[in-house]
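Compute the structure for the input listed below.
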Amino acid sequence: MSPKLNRLKAGIEAVLGARVAKLFHEKGELIVEIKADDLIGVMTTLRDDPAFAFSQLIDASGMDYADFAEAWDGARFAVVYQLLSIVHNWRLRARCFCADDDFPIVDSVNDIWSSANWYEREAFDLYGIVFNGHPDLRRILTDYGFVGHPFRKDFPVMGNVEMRYDPEQQRVVYQPVTIEPREIVPRVIREEHYAERK
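Predicted coordinates for the structure are as follows:
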């Protein structure tokens, strides 16, 4: 780990202490795992404390850890935040697991970084993660009548409904999926004596 990341790690351990569930280094990045109850306090400190100065939220995304690994026994859903400090020129990845797999919910960080607005809407739309305190939590990528959350690992590959234009009704209609599930294996044709050609 670089001296810069060592300084950041020592600062996080000193300032945040027990509010951090886990702090580790992986693939050249420092990753902090935050308890859901401490999310807003920790994120506010990471933004406001001059020792950290994470003024920008670069990205926030949902994660579904179902079938992640054979030995995985943690929570299923998490939100991963990518933070940037322009002053110190360092990055930090923060992860917060949702306490309930059946109804995943975490607090919104939209009041801390306004860029979280669309990121949280996207995570809600694609993973079904609810962000408590979000000012306008609604779908952003799928249709308003869409059923389910397509990035969840248990979402059917073919989907639940299909959309088509009905010329008789002169409008778009939704109907159950009519595609038959199938597995396509590419056919390989090998010519004899291919390597012997001149």
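
For the rest of this, base every contact and every neighbour count on C-alpha atoms.
Fine.

which residues of the chain fall in helices?
Using DSSP state H, the helices of the chain run over 3-16, 39-48, 116-127.

so of those, which one's packed in deepest?
helix 116-127 (a mean of 22; mean count of other CA atoms under 10 Å).

Can you list the helices and strands that that helix packs against?
strand 56-64, strand 130-132 (3 or more CA pairs under 8 Å, 6 or more residues apart in numbering; DSSP states H and E).

so which of those gets nearest residue 123?
When those are compared by CA to CA, strand 56-64 sits nearest residue 123, at 4.9 Å.

can you list the helices of the chain in TSV and add mean pLDDT?
Below are the helices of the chain laid out as TSV (pLDDT from 0 to 100):
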stretch	mean pLDDT
helix 3-16	88
helix 39-48	95
helix 116-127	95
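
Throw those into a markdown table and include distance to residue 134, thanks.
Listed next are those as a markdown table, based on distance: least, CA to CA, whole Å:
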| stretch | distance to residue 134 |
| --- | --- |
| helix 3-16 | 25 |
| helix 39-48 | 13 |
| helix 116-127 | 7 |
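
closest one to residue 89 among the ones you listed?
helix 3-16 (9.3 Å).
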